[in-house]
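Visitor: Quick one: sequence plus predicted model below, questions after.
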Amino acid sequence: MEIKYIFILVSLLIYFGILIISGFLAFSYSKKHKPFIEVRNKYFKEWKIKKSTININELMKPLKVKIELPIGEILHFLENEVIVYLVEKKQKAYKFFDKISDGKLTNYDDYFEDPDFISLKNNYRLKKSNLKEHKYKGMMYISNLRVLFENKGKYEQILINDILKSYISIIRVGDQYFPGYILHTDEKLYEVISNNPQVTIIINELISTKMKGDH
């Protein structure tokens, strides 16, 4: 057999080999990401419907509750239980998220055409994720001045002035995915598992009001 025919045969074998491997990897990627994709798509569709019905003036009305607050502080939202995970600034996930929020990287979920919906990079990893421990589990309060997490009788607060933005997101815990949102500050990301995505609108509205008041 002439050398040129051997070369053509080898080239074809390599080509079909690459096609088979690519097809297998694509299938494997799709199969392993199916749980994430299903939760993400369902959550986003539900959010679009809910967002279209929200009246911002009604949403921002102060709550009438029997909680004593400092003078000038107004309670806007109260949730009986949230689960919160922290991502520190030194972690890769924070740096990746920071670049996306600054527009330096393209968000993997850009095709949703919603700048308020974002995912952390670890949602897309094929390898098994370690089960992380939550930082807070309890009630959450949102006032015009702060976000307050309750944890076993103790409280942790984030000043509204310290929050850069809040995003709708899917929260990965081990190999499970939950609807929730992310609070982005200069020092940390707060991943919050919650069924109340409208919280992001409340917080972002409070941030906007604060920024206008500072000018």
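Guide: Arrived safely.
Visitor: Let me know the next secondary structure element after the helix or strand where Lys42 lies.
Guide: Using DSSP states H and E, Lys42 sits in helix 3-53. Next along the chain after helix 3-53, taking DSSP H and E as the criterion, comes helix 56-59.
Visitor: list the helices and strands that following helix packs on?
Guide: helix 199-214 (3 or more Cβ pairs under 8 Å, 6 or more residues apart in numbering; DSSP states H and E). In this view, the C-beta of every residue, glycine as well, is placed from N, C-alpha and C.
Visitor: helices or strands up against the helix it packs on?
Guide: helix 56-59, strand 75-88, strand 136-143, strand 163-173, strand 176-185.
Visitor: partners of the last one in the sheet?
Guide: Using DSSP bridges, the neighbouring strands of strand 176-185 in the sheet come out as strand 163-173 (antiparallel), strand 188-193 (antiparallel).
Visitor: Go through that strand and flag the buried ones.
Guide: Residues of strand 176-185 classed as buried: Tyr177, Phe178, Pro179, Gly180, Tyr181, Ile182, Leu183, His184, Thr185 (neighbour count, 16 or more other Cβ atoms under 10 Å).
Visitor: what pLDDT does the second one get?
Guide: Read it as Phe178. Note for Phe178: predicted pLDDT of 88.
Visitor: again, but for the fifth one
Guide: Residue-level confidence at Tyr181 comes out at 91, pLDDT.
Visitor: Let me see the contact set for it.
Guide: Residues near Tyr181 by Cβ atoms under 8 Å, 6 or more residues apart in numbering: Ser166, Tyr167, Ile168, Ser169, Val192, Ser194, Pro197, Val199, Thr200.
Visitor: repeat that with 6 Å
Guide: Ser166, Ile168, Ser169, Val192, Pro197, Thr200 (Cβ atoms under 6 Å, 6 or more residues apart in numbering).
Visitor: go on, the first one?
Guide: If you count contacts by Cβ under 6 Å, 6+ apart, Tyr177 has them with Phe36, Val39, Ile170.
Visitor: swap in the second one?
Guide: Contacts of Phe178 were listed using Cβ under 6 Å, 6+ apart, and they are Ile171, Ile193.
Visitor: ok, it to Leu19 distance?
Guide: Distance of Phe178 to Leu19, computed by Cβ to Cβ, to the nearest Å: 37 Å.
Visitor: Give the bridge partners for the residue nearest the centre of the chain, please.
Guide: By Cα atoms, centre = their mean, the mean C-alpha position of the chain lies nearest to Ser169, the distance being 2.7 Å. For Ser169, the beta-bridge partners are Gly180 (DSSP bridges).
Visitor: cool, Val173 as well?
Guide: Gln176.
Visitor: count of neighbours near it?
Guide: 17 (other Cβ atoms under 10 Å).
Visitor: for Leu9, same thing?
Guide: The burial count for Leu9: 11, using other Cβ under 10 Å.
Visitor: What does the pLDDT read for it?
Guide: So, for Leu9, pLDDT stands at 71.
Visitor: How much space separates it from Ile3?
Guide: For Leu9 relative to Ile3 (Cβ to Cβ), the value is 11 Å.
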